[in-house]
Structures are given as structure tokens and as C-alpha cells.
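A.B. asks: A structural model of the following input is requested.
(2 chains)
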Amino acid sequence: LIGDQLRIYYAELLGEPMPDRFLEVLRQLSSAEGKQS
Amino acid sequence: MKVDPQTRRELLAALPHLRAFAISLSGSVDKADDLVQETLARALTNIERFTPGTCLQAWLFTILRNLFHTEFRRRRREVEDPDGLMASRLAVLPNQSGRLEFEELREALAKLPHDQREALLLVSAEGFSYEEAARITGAQLGTIKSRVNRARTRLAELMQVDDPEDLGPDRLVRAVLHAPEPPR
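C.D. replies: As a prediction, this is how the structure comes out:
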């Protein structure tokens, strides 16, 4: 069914783990939050 | 760079959606990740321009969408995925059956005109209202509605959905092909 295909497609994309390249951004955000607290 | 905790949480929550939208928009995982990274960089650089209490995700989608149009669309040939390799670049692969279905849908979405695919993803997949999608894309409200309707019709044709019963009970299918009018 098309429903299964769509469900799989979006689930796969939204469920993807964030690549390592975004870790630096996450670190920056954590650092910024730490400086504010 | 000052990011309040609430904005930080919303930004982190938006990441998977930004990446899914970017992948669907560009047809390339690598290009999508470039796009998301640049979107994050610009958002953080200009975070003071964001008005707390407004929709951060819509603001981020606007940045990403504009970046795509200005920097990526003109290099369209570079971001196409004619060999259907996108699924193989994802970190978590579906099983064989799911992978075939994933590729089939990906190909159907890729066949939609760009503006229709964009409108369909924003409204039916990401859940933005027509008004929000119009603001994100800079298009008229009526234009967005028309694009979404045409995209739904074309996707149904491409997926060979002749009978609404074939849609089954899946919530997302109903959302994409028979979405009710978004709240005004």
C-alpha cells in the first residue's frame, strides 16, 4: 500500500540519527547554555 | 552567541525535520547535510533576529529553503541522485522490502515539479499550515493551496492509487492525499 511506503519513507528520514558533523553545533549550543547559567 | 534553553530545545527538535526536508528537497543526503549545517550556522549567527514565541521551525525552514534556492538549485545536476543511491547513504537502512518501498516513493516524489514537492512536504509531511508554507516559500496562499492539491493528485497517479480504499488506514497517507483544510 502507498500508506506503508509513505510511512516507511518519512519514518526513515525523521528517524535518522544526526551525523557527526552536527556534533560541533550541539557542543556550541551546550557551551552557550552553560555560559548563561 | 546567546541561545536561551527553550530556543535550544526547539532547535534541536527541529534538526531531524530540517534534515528530512533537505533530503527530500535536494535528493542527496550529502547535499542535505551541507544545507542543514549552513542553515544552523546562519540561524545561530542571526539568532537575535528570531522573535521568541514565534515558530522557530518555520524560521529555520525559511532559512533552509532560501539557501537551497540560492546556492543549491542552480547546481541541480550535482544534487540529483539518478542512480537511486540516496537510501544507501542513510545511516539506518530499512530492510530489503522497506528499502524498495522507500526508493519507489522517493522516485515518485522526485518526479513532482519542484514547487509542488516543496509545498506538499511543508504542508502534508511537516504539518505547516498553508499560511505558514506561504510565508516560508514567499508564495501566495492560493498558489500554495494549488501546488499542494496538484502534488497530491500527481503523487496518487505516480503511485497508481486509483481507489481511495487502497490508501488504507494509514494516518500519513490520509494526511498527504486527503489532508483537511489547515486551521486558519
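
A.B. asks: which elements pack onto the longest helix along chain B?
C.D. replies: The residue-count maximum for a helix in chain B (DSSP state H) belongs to helix B:5-26. Counting contacts by 3 or more Cβ pairs under 8 Å, 6 or more residues apart in numbering or on different chains; DSSP states H and E, helix B:5-26 is packed against helix A:2-15, helix A:23-36, helix B:29-45, helix B:56-67, helix B:114-120. (C-beta placed from N, C-alpha, C; glycine too.)

A.B. asks: now the angle from it to helix B:56-67?
C.D. replies: 40 degrees (axes from the mean of the first three to the mean of the last three Cα atoms, to 10 degrees).

A.B. asks: show me what counts as buried in helix B:5-26.
C.D. replies: With burial defined by 16 or more other Cβ atoms under 10 Å in any protein chain shown, the residues of helix B:5-26 counted as buried are B:7-8, B:10-11, B:14-26.

A.B. asks: repeat that for stretch B:28-42.
C.D. replies: Under 16+ other Cβ under 10 Å, the buried positions of stretch B:28-42 are B:Ser28, B:Val29, B:Lys31, B:Ala32, B:Asp33, B:Asp34, B:Leu35, B:Val36, B:Gln37, B:Glu38, B:Thr39, B:Leu40.

A.B. asks: please apply the same query to stretch B:140-152.
C.D. replies: Of the residues in stretch B:140-152, B:Thr143, B:Ile144, B:Lys145, B:Arg147, B:Val148, B:Arg150, B:Ala151, B:Arg152 count as buried by neighbour count, 16+ other Cβ under 10 Å.

A.B. asks: contacts with chain A among the residues you listed, please.
C.D. replies: Among the buried residues of stretch B:140-152, proximity to chain A is found for none (Cβ under 8 Å from any Cβ of the partner chain).

A.B. asks: of these, closest to chain A?
C.D. replies: Taking Cβ to the nearest Cβ as the measure, chain A lies nearest B:Arg152 of these, at 11.5 Å.

A.B. asks: that closest one contacts B:Arg117, correct?
C.D. replies: No - using Cβ atoms under 8 Å as the test, B:Arg152 is too far from B:Arg117 to be in contact (11.4 Å).

A.B. asks: C-alpha coordinates for stretch B:31-47, CSV please?
C.D. replies: The C-alpha coordinates for stretch B:31-47 follow below in CSV (Å, rounded to 0.1, in the frame of the first residue of the first chain):
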residue,chain,number,x,y,z
LYS,B,31,23.9,18.0,0.0
ALA,B,32,21.2,17.9,2.6
ASP,B,33,23.7,17.7,5.4
ASP,B,34,25.6,20.7,3.9
LEU,B,35,22.3,22.6,3.7
VAL,B,36,21.3,21.8,7.3
GLN,B,37,24.8,22.7,8.6
GLU,B,38,24.7,26.0,6.8
THR,B,39,21.2,26.6,8.0
LEU,B,40,22.2,26.0,11.6
ALA,B,41,25.2,28.3,11.2
ARG,B,42,23.2,31.1,9.8
ALA,B,43,20.4,30.7,12.4
LEU,B,44,22.9,30.8,15.2
THR,B,45,24.7,33.8,13.7
ASN,B,46,21.4,35.6,13.4
ILE,B,47,19.5,34.2,16.4
